[in-house]
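Student: Structural data only, the sequence is not supplied:
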């Protein structure tokens, strides 16, 4: 599997002590045809049906792959929620 997704075997062994990068995690999830949430233990369902439109899924995928952008979105949402109070 490591060779198929162009990840070194030692990188995968290192995941026991160090979290993988999102792009490597996504590559493994795609190879195994499961979600990253399933690999991370956040879901018991390895392959839930996607209920989003392709455009919304593209946005979700972008956010998952770009942690700085995702953090900015989280901050924006928190700011908006705080202003509602």
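Tutor: Yes, it's here. All of these numbers come straight from a predicted model, not from anything done at the bench.
Student: Just the buried residues of the worst-scoring helix or strand of the chain on mean pLDDT, please?
Tutor: In the chain, the helix or strand scored least confidently by mean pLDDT, DSSP states H and E is helix 54-65, which has a mean of 79. By neighbour count on 16 or more other C-beta atoms under 10 Å, the buried set for helix 54-65 is residue 64. Where C-beta positions appear, they are placed from N, C-alpha and C, glycine not excepted.
Student: ok, longest helix in the chain?
Tutor: Assignment by DSSP state H gives helix 67-84 as the longest helix of the chain.
Student: and that one, what does it pack onto?
Tutor: helix 54-65 (3 or more C-beta pairs under 8 Å, 6 or more residues apart in numbering; DSSP states H and E).
Student: thinking again about what came up before, and the least confident helix or strand of the chain with helix 67-84, angle?
Tutor: 110 degrees (axes from the mean of the first three to the mean of the last three C-alpha atoms, to 10 degrees).
Student: helices or strands up against helix 54-65?
Tutor: So helix 54-65, by 3+ C-beta pairs under 8 Å, 6+ apart, packs with helix 22-32, helix 67-84.
Student: Noted, bye for now.
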